[in-house]
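In: kindly return the folded structure for what I paste below:
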Amino acid sequence: MKYFPNSDGVFDDKPEVPTNLSGPLCPKLKLYLSKGLPMKSPIASLLFLLITIVSFAQPKDEKAVADAVESLRKAMIDADKKSLEDLSAPELSYGHSSGMVEDKAAFVEAIVSGKSDFVTIALSEQTIKVAGNTALVRHKLSADTNNGGTPGKVNIAVLLVWQKQKGQWVLLARQAVRLTQ
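Out: Predicted coordinates:
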């Protein structure tokens, strides 16, 4: 039998359950502690702590990536050169559904010059997976375009690879494929 010190320093066979715990994992933690199930080792305690930290950090990163995607969408519609440059990694590889691939300078120039002119962009079915300093974003993109003064429509699936550089999520790679109607 394991014994636990209570708030008075007396060892009991059940731990006291803190009453001020809150958050998504806390009901499970309260149940765990109320049953008197001790952590078996310092390694188990450390693992539990790391899982808890990661579970709280990942949604924050996912939201930051989603915000970056939305900023990119707006910057592409507005042809905002500064925002496009700030959101793109120096190593950017931007792949179009036609097979053409642009680096950062060519991508920004095409948008700013109107060669690639997005009038509207609607994103749907977006998923975000964060793995360390890398995030994979998939979505469907429907857009009205006016490339070089010629109106058109775009319906593509997109994979975006974002990387956290100097504390900011930047677009490292993008590849699009045409969707059948």
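In: can you tell me the SS state at residue 115?
Out: Using DSSP: H, G, I helix; E, B strand; the rest coil, the structure places residue 115 in coil.
In: ok, and the closest non-adjacent residue to it?
Out: In space, and not counting its chain neighbours, residue 115 is closest to residue 148: 5.8 Å by Cβ to Cβ, 6 or more residues apart in numbering. The way it works is simple: take the backbone N, C-alpha and C, and place the C-beta from them, glycine included.
In: over to that neighbour: give its phi and psi.
Out: phi 60, psi 30 (degrees, to the nearest 10).
In: that one and residue 167: what is the separation?
Out: 37 Å (Cβ to Cβ, to the nearest Å).
In: stretch 173-181: which residues count as buried?
Out: Across stretch 173-181, burial judged by 16 or more other Cβ atoms under 10 Å covers 173, 174, 175, 176.
In: now do the SS call for the last one.
Out: This means residue 176. Quick answer, by three-state DSSP: residue 176 is strand.
In: the more surrounded of residue 148 and residue 167?
Out: residue 148 (11 against 6; other Cβ atoms under 10 Å).
In: which residues does that one contact?
Out: 114, 115, 117 (Cβ atoms under 8 Å, 6 or more residues apart in numbering).
In: can you add neighbour count, pLDDT and distance to residue 96 and give those residues back as a markdown table?
Out: A markdown table is the format used below for the contacts of residue 148 (neighbours: other Cβ atoms under 10 Å; pLDDT from 0 to 100; distance: Cβ to Cβ, whole Å):
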| residue | neighbour count | pLDDT | distance to residue 96 |
| --- | --- | --- | --- |
| 114 | 12 | 93 | 16 |
| 115 | 11 | 94 | 12 |
| 117 | 22 | 95 | 14 |
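In: so residue 140 makes contact with residue 156?
Out: Yes - contact criterion Cβ atoms under 8 Å: residue 140 and residue 156 qualify, at 7.3 Å.
In: got any residues that touch both of those two?
Out: The contact sets of residue 140 and residue 156 overlap at residue 179 (Cβ under 8 Å, 6+ apart).
In: domain assignment for this protein?
Out: Annotated domains of the chain cover 4-52, 63-178 [automatic domain parsing].
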